[in-house]
Structure formats: structure tokens, C-alpha cells
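Trainee: Prediction below, plus the sequence it came from.
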Amino acid sequence: MRDICSHNNLLSLTDALERIHQSLPVLSGEESITLSHALGRVLSQECIAPADLPPFPNSAMDGYAFHSDDISDSAFSLKLVGTSWAGKPFSGQVQRGECVRIFTGAVLPEALDSVIMQEEVNALDAWIHFPNKTPAGKHTRTIGEDVKKSALLLPIGKQLTATDIGLLASAGLYEIKVKRKLRIAFFSTGDELSPIGSELALGQIYDSNRYTLAALLVDPCYRFNDLGVMPDDKDKIKDCLVTAAKNHDVIISTGGASVGDADFIQEILTDIGQVDFWKLAIKPGKPLAFGQIGKCCFFGLPGNPISVIATFQQVVTPALHQLSGLGLKKALRFQATCKSPLFKKSGRQEFQRGILSQTESGEFEVISAGKQGSNILSASSRANCYIVLNREQENVAINSTVLVEPFTTWI
Ligand code: AMP
Ligand code: MG
């Protein structure tokens with residue numbers, strides 16, 4: 001066991017993330033899945049276009065296909081000789097002076113190079129009257145204009161979005177290779193914790209952290225196991241860790257990571273793993289353990305509910321991204337005007353919970369979500385962003401500019 005930070009020498013979040021980044025293993029293993037199960041998964045093989053996209057020249061509009069050589073200096077008329085429908089191409093020959101009714105996505109007849117929108121012509125029986133200044137080469141889609149045959153469709157490490165899945169489907173790719181899911185186990189520690197549904201004796205509280213963690217871990221790249229609540233009992237926690245480390249990539253515990261009398265995690269891990277105990281310069285979430293038990297990564301998070309959420313999001317999530325094959329991702333952060341005073345002492349980077357809004361003219365404003373204690377879930381539940389304050393920052397005056405990190409893209 002190593003305790004590398006003294007009280008007045010806290011480890012910065014950036015340094016902690018760098019240490020974690022350096023020590024994480026590269027996880028091997030992939031699986032074949034079909035597109036219907038691909039959302040959010042990470043590609044383990046690059047996807048190459050088996051054919052041109054689009055596979056044939058076609059119309060981008062409902063209108064009339066014609067050849068630009070037929071355009072004259074003033075208005076002109078072309079003879080209508082047939083129709084090209086989407087999925088039912090025109091099969092005849094088109095001569096000069098002729099045109100074809102065409103619909104969006106229909107094959108552009110080989111002899112033609114332009115389309116005019118139907119709203120711009122006068123159709124009278126078999127003659128189509130084109131206006132003065134009809135442009136050449138408009139409203140057509142060329143073969144391969146989206147993707148050329150053999151080009152890279154998607155690279156290794158791409159986390160698949162709905163658009164990616166559409167791209168793969170349009171190229172006719174149905175089965176793809178992705179990184180295997182991370183196997184994650186978690187448990188809570190604490191003699192005071194009771195399961196929901198039980199009558200609480202004095203001194204007991206419901207175990208909320210496991211439910212929070214289970215919700216945070218809902219992700220197409222993870223498969224998780226809830227190992228339940230452990231009492232503050234050395235042997236039981238040790239057994240649990242040793243067993244879980246055999247068949248998981250990551251174990252997350254909450255509680256018992258600090259140096260209180262009943263905080264066994266530190267002691268146990270000295271026997272069974274290589275674990276560092278950090279005092280992080282962040283608030284909420286100062287005590288944190290990170291290391292390896294065999295091939296399994298271990299994160300010992302603090303017990304306070306808001307510290308669990310903040311350390312999971314700021315410390316564990318980047319590690320899970322790396323293990324999933326996603327590489328380094330950055331949370332979206334931007335500036336907002338702070339419309340309430342914020343209280344802060346210098347020394348730790350803070351992730352205060354805030355309520356972000358956008359004015360009619362598009363400026364971002366944020367106010368504190370209320371009490372900032374690491375046990376106060378209710379204020380955090382009203383929040384929709386972190387207000388990220390650097391270590392040196394002290395109290396923030398109204399109308400100061402602050403950095404915010406939204407929880408979602410919808411506010
Ligand atoms: P600890 O880190 O074990 O000293 O716990 C710090 C605080 O978090 C204490 O007030 C605990 O009661 C509380 N706590 C620990 N684990 C949980 C949990 N699973 N659910 C809710 N509160 C917890
Ligand atoms: Mg405890």
C-alpha cells in the first residue's frame with residue numbers, strides 16, 4: 001500500500017488521470033454482432049466500403065432529367081419520353097431533344113446529366129417547357145459521391161452512433177466486429193447500510209450508492225454485476241474482492257476508502273493487490289483508491305453519495321473509456337455567466353452542482369443548485385451541470401464567468 005499524498009499535498013485530478021491512463025492494461029477480445037445490437041459499441045476492426053455509395057448516379061429531386069447540351073439561350077421545350085421511378089429505372093433510350101420524368105433516388109438515365117425541379121417547368125402533354133437560364137448539371141448525385149468503393153467507412157475505436165449504423169447499413173454491412181463488453185462488479189461497504197424495503201433501525205440508512213452506480217453503468221459497452229452490501233468486515237470484503245477479481249475487468253467499491261477506524265479497504269488491498277491511496281484535490285470526492293488485484297482494476301470510491309457520482313464521472317469514466325477502446329475523451333465544457341454567488345476556498349478543484357440555462361439570445365447562464373454537501377442528493381438532483389472551479393479559485397461573485405460541464409445535451 002502506498003499513500004503518496006500528504007494532507008497539504010493533494011494529487012490533482014489531471015495527475016491522477018495520467019497515472020491511471022499509464023497503468024491501465026489493454027484489454028483484448030472482440031465479438032461479432034449485428035447492426036441491430038451495435039449502437040454505442042466500439043469497433044475493433046475498421047469497416048471498408050464494399051462498393052460505391054451511392055451505387056449509381058441518381059436524381060436529388062422530383063423533376064425532369066435532361067442533357068445540358070439541350071439548353072438554349074432562351075426558354076426551350078423537350079419531348080417527354082418516359083419515367084424513371086425510385087427502384088424502377090427508365091429502360092429506353094433518350095435522344096437529344098428529349099427528357100425523362102424522374103423522382104428522387106431514381107437512376108439518372110445514362111445519356112443525361114441534369115435535373116430540373118418539377119416546380120420550375122410547365123408540363124403540357126408530352127412536352128416539357130424549360131425556363132430561360134435553366135442551369136446545367138444540377139440536382140444529380142454522382143456514383144460514389146458519398147463514399148468510394150474500398151474507402152475507409154469507419155475506423156477502429158469508433159463508438160457507433162445511429163448515423164454510423166445508417167452508414168454501415170447503406171453499405172450493406174450487417175455483421176461487424178466490436179470490442180467485447182467490460183465486465184464490471186461493484187459493491188457497497190458499511191455496517192450502517194440497509195437494503196431498501198427494510199425497517200431502518202437508529203443509525204442505519206438505505207444503501208443508495210449501489211443503485212446510483214447501477215444507473216451510471218448502464219452503457220452498451222459494459223456488463224455489470226451488483227455484488228451487494230458488505231459489512232465492515234475484513235474477511236468478508238477480502239473474499240468478495242478476491243473472487244470478483246477472477247472474472248471481472250473492473251471492481252468498484254464505495255465507502256471505506258478514507259482513514260476512519262472501520263475503513264478496511266486499504267488494509268485488505270495491501271494483502272491482495274497493488275493499490276494506491278490518493279487524496280485527490282477535488283471536491284466532492286477526496287479519498288480514492290486505485291490499483292490492480294491480479295488483472296482486475298480496482299476503484300475504491302468514497303462513501304458519500306455525491307462523491308460517488310463525481311468520482312465515477314471524473315475519474316472512473318475516463319478509465320472505462322480507455323479500457324473499452326475509446327481512447328481519451330473529453331467532457332464538453334464551456335463558459336457561462338454565474339448568476340448566483342458561489343462559495344469556495346482555494347485548495348481543491350470543485351465540481352459544484354449548478355442549473356444551466358440559455359437566454360433568448362443564446363448566452364449561457366448558471367446558478368448554484370443549492371447546498372453543496374457531498375451527502376446532499378436533493379440539490380444535485382435539481383442540477384443539470386457541474387460548475388467546474390479550479391483549485392486556486394475562491395468565492396465567485398455574481399456575473400463572473402465560470403466553466404460548466406453539462407450532464408446532458410438537453411437542458
Ligand atoms: P465512508 O466513506 O464509508 O466513511 O462513508 C462516508 C459517508 O457516506 C457516511 O455518511 C456513510 O454513511 C455514507 N455512505 C457510505 N456508503 C453509502 C451507501 N452505499 N449509500 C448511502 N450512503 C453511504
Ligand atoms: Mg463506511
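Mentor: Here it is on my side, so go on. Ligands and ions are numbered 1, 2, ... in the order given.
Trainee: And the closest residue to ligand 1 within the stretch 51-200 of the chain, how close does it get to L332?
Mentor: Residue nearest to ligand 1 within the stretch 51-200 of the chain (C-beta to the nearest ligand atom): S188, separated by 3.6 Å. Heads up, the C-betas are built off the backbone N, CA and C, glycines and all. Distance check for S188 against L332: by C-beta to C-beta, to the nearest Å, it reads 30 Å.
Trainee: How about I309?
Mentor: Taken as C-beta to C-beta, the spacing of I309 relative to L332 amounts to 18 Å.
Trainee: If you count surrounding residues, which of those two has more?
Mentor: Under the neighbour definition other C-beta atoms under 10 Å, I309 and L332 were set side by side, and I309 has more, 23 against 9.
Trainee: wait, doesn't the more buried one sit right on I376?
Mentor: No - contact criterion C-beta atoms under 8 Å: I309 and I376 do not qualify, at 11.6 Å.
Trainee: Okay, buried residues for stretch 34-46 please.
Mentor: Within stretch 34-46, the residues scored as buried using 16 or more other C-beta atoms under 10 Å are L35, A38, G40, R41, V42, L43, S44.
Trainee: list the contacts for the closest residue to Q314 other than its chain neighbours?
Mentor: Using C-beta to C-beta, 6 or more residues apart in numbering and skipping the chain neighbours, the partner closest in space to Q314 is L13 (6.2 Å). With contacts defined as C-beta atoms under 8 Å, 6 or more residues apart in numbering, the neighbours of L13 are L280, A281, I282, Q314, V315, Q349.
Trainee: And L13, its phi and psi?
Mentor: Main-chain dihedrals, L13, degrees, to the nearest 10: phi -60, psi -40.
Trainee: Mind pulling up the pLDDT for it?
Mentor: In the prediction, the pLDDT value recorded for L13 is 96.
Trainee: Now S258. Nearest residue, chain neighbours left out?
Mentor: When the adjacent residues along the chain are set aside, S258 lies closest to P287, with 4.1 Å between them (C-beta to C-beta, 6+ apart).
Trainee: Show the contacting residues for that neighbour.
Mentor: Shown here is P287, whose contacts under the criterion C-beta under 8 Å, 6+ apart are A257, S258, V259, F277, W278, K279, L280, P302.
Trainee: Please produce a ChimeraX select command covering the buried subset of those.
Mentor: Only the buried entries of those go into this ChimeraX selection, using 16+ other C-beta under 10 Å:
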select :257,258,277,278,279,280,302
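Trainee: The contacts of P287 in helices, which ones?
Mentor: Per DSSP state H, helices hold no members of those.
Trainee: Looking at the contacts of P287, which gets the smallest pLDDT?
Mentor: When those are compared on pLDDT, V259 comes out least confident, at 69.
Trainee: thinking again about what came up before, need the buried residues of stretch 34-46 in JSON lines with distance to ligand 2, can you?
Mentor: What follows is these, written out as JSON lines (distance: C-beta to the ion, whole Å):
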{"residue": "L35", "distance to ligand 2": "45"}
{"residue": "A38", "distance to ligand 2": "41"}
{"residue": "G40", "distance to ligand 2": "34"}
{"residue": "R41", "distance to ligand 2": "36"}
{"residue": "V42", "distance to ligand 2": "35"}
{"residue": "L43", "distance to ligand 2": "41"}
{"residue": "S44", "distance to ligand 2": "39"}
